[in-house]
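Visitor: Let's see this in three dimensions:
(one chain, ligands or ions: 1)
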Amino acid sequence: MTFATILLEKRKGVGLITLNRPKALNALNSELIYEINLALDDLENDQTIGCIVLTGSEKAFAAGADIKEMAELTFPNIYFDDFFSLADRIAQRRKPLIAAVSGYALGGGCELALMCDFIYCADNAKFALPEVTLGVIPGIGGTQRLTLAIGKAKAMEMCLTARQMQAAEAEQSGLVARVFSKEELLEQTLQAAEKIAEKSRVSTIMIKESINRAFEVSLAEGLRFERRMFHSVFATLDQKEGMQAFIDKRPAQFKHQ
Ligand code: DAK
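Guide: Numbering: from 1, shown residues only. Have a look, this model is predicted:
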């Protein structure tokens, strides 16, 4: 499969999508969002893939939605456009998705990273939601997911002032899981992704579903959901294999069954 705006590679159970519009600092145009979804469709359907990494270049994960594409849009254009549903589909994927962010993650670029299950970033990463400077507001989840990630005070401040948050503060605030040097970022992310891909896919997808439930339902409902998920893993071969492997003092060989 070849693409115009992204690169797709597969290795050791991991699918790696690299945003590839270097001249526009990976600004998200419709074609790029469409192609990310095509690549994700392929990776979701590929039984050998257990985890997906989304990354950009050293200078920019993505510098936002493509302002040149957006500038002349009218209300009906944007209302009927499928950019939103394509963006929603990225967040609804079932396999774990990690963002490896180096450089700028601005506007839609920051929102794209927030759609992933967790973010690793390089020490040169800069996160911002600068839509207010363009006379618009975040449109693909920024006001919601950023607030859930870092809380009201910092989300309000970032969205209203457009200031850039650097890597160290992003880690302290809970926006990113870990910070690496820019030289190490991709290798460390791929190593984490490979570890996830080795696990039972039933478990990893259930964990993702259960954690995401915490943002949607009450604690009592979330606990009930988790408990039912826990009960159901005892119907899998992977639970038998995982526990037998511990008893036998050998690595588990999961079949995702
Ligand atoms: N869109 C289009 N082109 C961009 C771009 C962007 N967001 N960001 C950078 N570029 C292009 C520049 O125009 C320039 O192209 P040429 O002039 O060489 O042709 C090239 O990338 C290099 O950029 P600079 O020359 O500006 O590079 P610098 O290192 O000097 O500055 C920068 C880097 C990232 C600080 C600067 O480029 C910048 O401020 N970029 C814009 C950041 C920004 O405001 N991002 C957009 C936020 S608004 C929607 C959903 C979501 C959204 C919209 C719609 N729908 C559901 C429809 C989201 C909106 C946003 O993201």
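
Visitor: From here on, just use CA atoms for contacts and neighbour counts.
Guide: Fine.

Visitor: what's around residue 138, how many residues?
Guide: By the criterion of other Cα atoms under 10 Å, residue 138 has 17 neighbours.

Visitor: Pretty sure it sits against residue 106.
Guide: No: with contact defined as Cα atoms under 8 Å, residue 138 does not count as touching residue 106 (10.3 Å).

Visitor: residues shared between the contacts of these two?
Guide: With contacts defined as Cα atoms under 8 Å, 6 or more residues apart in numbering, the residues shared by residue 138 and residue 106 are residue 129.

Visitor: which parts of the chain sit against the ligand?
Guide: 23-25, 27, 63-68, 78, 83-84, 106-108, 130-131, 138-140 (Cα under 6 Å from any ligand atom).

Visitor: Got a PyMOL select line for the buried ones in these?
Guide: This is how PyMOL selects the buried members of the residues of the chain next to the ligand, with burial counted by 16 or more other Cα atoms under 10 Å:
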select buried, resi 25+27+63+64+65+66+83+84+106+107+108+130+131+138+140
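
Visitor: Helix, strand or coil: sort out the spatially closest residue to residue 199 that is not a sequence neighbour for me.
Guide: Sequence neighbours aside, residue 254 is the residue nearest to residue 199 in space, at 6.7 Å (criterion: Cα to Cα, 6 or more residues apart in numbering). When classified by DSSP: H, G, I helix; E, B strand; the rest coil, residue 254 comes out as coil.

Visitor: ok, residue 254 - how many residues close by?
Guide: A count of nearby residues for residue 254, using other Cα under 10 Å, gives 18.

Visitor: List the contacts of it.
Guide: 198-200, 238, 241-242.

Visitor: What is the most widely separated pair among these?
Guide: The span of the contacts of residue 254, defined through Cα to Cα, is set by 198 and 241 at 13.1 Å.
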